[in-house]
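Visitor: A structural model of the following input is requested.
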Amino acid sequence: MHLWGPRPPGDLHRRGGVRLAAGCALLFGTLAVLVDWDAGTLTGPRAALWLTLTATLFAVLLPPRVTAGPGRLTVHGPLGRRTVRTDSLRSVRRHDGVTTRLVLRDTDGHHVELDARVLATDPFLRHEVDTGVRRSLERGTLRQGELALRRLTEEIDGETVEAVLRASGMS
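Guide: Next up, the predicted model:
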């Protein structure tokens, strides 16, 4: 529970991603400065370059923050934020690759892209999105992607069952 009331739906595991991004960037920056210093070539401008590259690496590795509320999903990335109305979705596309990405588009023309693991790891966020998708289906605005969402839900449910069985020692 938050200090000011219930926790708003958002990515539960983002903190770990932020720590990993910070750790990788700091390791890179520290090693770069140490190697440059050991070679005797470290100057003010070179130190500023390493600091800039370290900050850039952090920004690239930083996972986006995903939040949801009644009828909306917002992805806060390094270049800004995007919000989509989940209660008036037009399409949902799934892109499989190294990670499964979802692209949600609403009837207003807005879109967001997010890692499907965010929905798998945060039941509050998943509930808000699922509620919005059901409203979109009731209103008839969701014309593309219902099968992709159903498949993703089945995969998440299967992984959850496997995790529960492993934790209980039944698998």
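Visitor: Report the buried residues of the lengthiest helix in the chain.
Guide: If you go by DSSP state H, the chain has its longest helix at helix 14-38. Residues of helix 14-38 classed as buried: R14, G17, A21, A25, F28, G29, A32, V33, D36 (neighbour count, 16 or more other Cβ atoms under 10 Å). Using the backbone N, CA and C atoms, a C-beta is placed for each residue, glycine as well.
Visitor: could I get these as JSON lines with distance to E146?
Guide: Formatted as JSON lines, the buried residues of helix 14-38 follow (distance: Cβ to Cβ, whole Å):
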{"residue": "R14", "distance to E146": "28"}
{"residue": "G17", "distance to E146": "30"}
{"residue": "A21", "distance to E146": "34"}
{"residue": "A25", "distance to E146": "40"}
{"residue": "F28", "distance to E146": "43"}
{"residue": "G29", "distance to E146": "46"}
{"residue": "A32", "distance to E146": "49"}
{"residue": "V33", "distance to E146": "52"}
{"residue": "D36", "distance to E146": "55"}
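Visitor: circling back to that earlier point, pLDDT averaged over the longest helix of the chain - what is it?
Guide: Mean pLDDT, computed over helix 14-38, is 93.
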